[in-house]
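>>> missing the sequence, but the structure's below:
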Ligand SMILES: C[C@H](C(=O)O)C(=O)SCCNC(=O)CCNC(=O)[C@H](O)C(C)(C)COP(=O)(O)OP(=O)(O)OC[C@H]1O[C@@H](n2cnc3c(N)ncnc32)[C@H](O)[C@@H]1OP(=O)(O)O
């Protein structure tokens with residue numbers, strides 16, 4: 001020290017602080033000997049400029065400006081200053097009529113997009129009157145067997161103004177066909193229709209389970225949709241490549257990003273191999289991520305995923321259209337973190353998770369309802385979940401500047417760390433021959449199971465606190481009011497299907513299914529023939545049965 005002015009460099013001062021602090025912890029130890037997040041990334045005591053952006057050049061390379069490559073700070077130049085994310089609550093139960101009522105209620109309450117939950121029979125391509133459907137009709141979502149149900153579901157919903165997401169995978173082409181036929185009946189041109197189908201079969205094999213066909217024909221169905229929509233339904237998001245379910249199955253945040261992007265690479269490869277031009281279909285690929293509990297890790301995850309996708313599309317696939325490089329994603333708060341105990345605590349969890357999604361730059365958001373660990377949400381709890389988003393958008397100030405946590409020493413360091421670890425997985429999966437191979441061998445499944453097991457152990461040992469479950473428990477609380485699905489629905493749907501089958505014109509129906517079979521056996525695009533089958537009142541079960549006959553069914557190995 002000379003004249004009171006320190007001559008120590010920043011680094012020396014920092015090292016000095018580290019030494020002094022470490023010495024102090026000898027007397028008063030920190031809560032844990034090591035702070036590791038769920039992805040096994042060590043969390044330092046302190047982050048400084050040394051861990052973050054190093055220079056203006058480094059900033060331009062790694063962060064860039066919003067709306068510009070590599071999109072770390074967001075895909076839109078103005079983000080929420082121009083338009084909030086779409087508030088898109090996942091909803092559906094019972095009959096098409098009941099779900100239509102819920103849809104219209106949510107829109108009246110200020111929701112800005114729709115998202116459809118289908119029941120299990122619909123998701124695996126069985127009609128409501130199939131023996132496999134008994135006991136499941138309308139349970140986890142709405143029951144849709146034919147265009148008649150779809151017409152009711154979308155009654156008085158203006159399809160040229162409201163965008164609709166449909167969580168449908170193996171039979172995605174059938175539900176998309178139904179949606180387009182309803183639009184046609186409403187007089188809305190397909191050019192004006194917008195929405196998303198999940199259509200992500202690879203994660204069904206890995207984590208979610210509603211597959212029908214083996215990988216090869218499934219990839220064909222998906223590629224056919226990319227191709228058809230690029231020409232006929234240009235505003236339709238043809239796939240929602242989902243890390244959400246991978247995370248719900250117990251993966252880490254790093255695995256969620258890595259496996260999702262590995263699956264996305266497989267879809268792009270399948271489509272380019274089928275002769276599609278990358279910049280024709282890539283702008284309509286979309287993503288779906290989980291917003292879990294670790295606030296900063298989640299924000300970093302979204303930012304890392306965006307940067308990685310931009311690099312993958314530019315460097316690996318040579319995409320030129322900026323829209324092909326932009327990772328656009330929907331987020332849902334983590335269902336697996338909701339607890340049946342003390343359900344009001346879930347409102348707090350959901351708020352924190354939703355904040356992470358917003359600070360991570362999501363395009364669309366579902367906030368879970370407080371009672372979802374117990375049943376499908378009641379109207380009141382669905383409204384509260386929507387209000388949570390509205391409060392974040394309109395009251396919190398989170399939306400007034402772009403990427404408010406950009407430049408945070410910690411968030412930037414964590415973004416880099418997540419990215420580095422996710423690339424390691426992607427390289428490993430490339431080495432196995434890609435995502436389809438990795439899934440067939442059970443690699444992703446085993447990695448997820450290992451992470452899920454570790455979490456469960458940590459919770460059971462009390463190392464990971466779940467408020468109200470393994471700490472801060474209370475005596476039993478009163479049961480909240482729950483939504484119950486009409487137990488008579490299966491019978492009612494069976495009756496209406498019998499009526500449809502007896503009233504529809506026989507010949508067009510027969511011809512449409514014969515044409516579908518012929519096309520499935522050949523190589524033509526399946527979308528136009530599925531649409532014709534829907535127009536001829538073929539049901540989802542009938543269409544999927546034709547495809548089952550030609551394609552066979554997927555039987556998973558046990559991992
Ligand atoms: C758990 C459960 C289960 O397992 O069953 C599930 O799966 S539930 C799964 C539920 N899944 C979902 O709900 C998936 C939802 N996904 C989507 O909505 C989509 O795929 C999405 C993520 C791309 C979001 O699409 P979106 O239409 O809501 O939002 P977008 O961001 O595309 O915005 C709509 C239009 O506004 C434009 N726009 C947006 N923000 C700005 C801005 N700041 N400045 C200028 N323009 C803007 C966009 O470019 C776009 O126009 P243009 O189009 O012209 O560019």
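Received the coordinates, thanks. Treat the numbers as computed from the prediction; the structure is a model and nothing was measured.

>>> for my notes, confirm residue 369 occurs in a helix.
No: under DSSP: H, G, I helix; E, B strand; the rest coil, residue 369 falls outside any helix and is assigned coil.

>>> contact partners for it?
Shown in contact with residue 369 (C-beta atoms under 8 Å, 6 or more residues apart in numbering): 346, 377-378, 381-382, 384-385. C-betas here are computed from N, CA, C, even on glycine.

>>> pull the longest strand from the protein.
Across the chain, the longest stretch assigned as strand under DSSP state E is strand 285-291.

>>> that one pairs with which strands, parallel or anti?
strand 239-242 (parallel), strand 329-333 (parallel) (DSSP bridges).

>>> is the shortest one positioned near the ligand?
It refers to strand 239-242. Yes: counting by C-beta under 6 Å from any ligand atom, the ligand is contacted by strand 239-242 at residue 240.

>>> do the same with stretch 369-388
No: using C-beta under 6 Å from any ligand atom, stretch 369-388 never reaches the ligand; the gap is at least 10.0 Å.

>>> give the buried residues for that stretch.
369-378, 381-386, 388 (16 or more other C-beta atoms under 10 Å).

>>> got the residue ranges for the helices in the stretch 51-200 of the chain?
All helices of the stretch 51-200 of the chain, identified by DSSP state H, counting those that start in this stretch, fall at 56-62, 96-108, 120-123, 147-153, 172-186.

>>> and the third one, what's buried?
Spelled out, that is helix 120-123. Here helix 120-123 shows 120-123 as buried, counting by 16+ other C-beta under 10 Å.

>>> near the ligand, which residues of the stretch 251-400 of the chain?
Selection of the stretch 251-400 of the chain residues close to the ligand by C-beta under 6 Å from any ligand atom yields 286, 288, 328-330, 332, 363-364.

>>> next, give me the two most distant ones among those.
328 and 332 (15.0 Å; C-beta to C-beta).

>>> I'd assumed residue 550 was in a helix, is it?
Yes: assessed with three-state DSSP, residue 550 lies in a helix.

>>> ok, and the closest non-adjacent residue to it?
residue 520 (4.2 Å; C-beta to C-beta, 6 or more residues apart in numbering).

>>> for residue 51, same thing?
residue 413 (4.1 Å).

>>> so that neighbour is in which element?
In the assignment (DSSP states H and E), residue 413 maps to helix 409-432.

>>> need the contact list for residue 486.
Counted by C-beta under 8 Å, 6+ apart, residue 486 has contacts 94-95, 98, 138, 492.

>>> one more pass at 7 Å, please.
Counting by C-beta atoms under 7 Å, 6 or more residues apart in numbering, residue 486 makes contact with 94, 138.

>>> how about residue 455?
Residue 455 neighbours (C-beta under 7 Å, 6+ apart): 250, 464.

>>> please, which helix or strand holds it?
helix 443-460.

>>> starting at the chain centroid, how far to that helix?
Its chain's average C-alpha position is 20 Å from that of helix 443-460, according to C-alpha atoms, centre = their mean, to the nearest Å.
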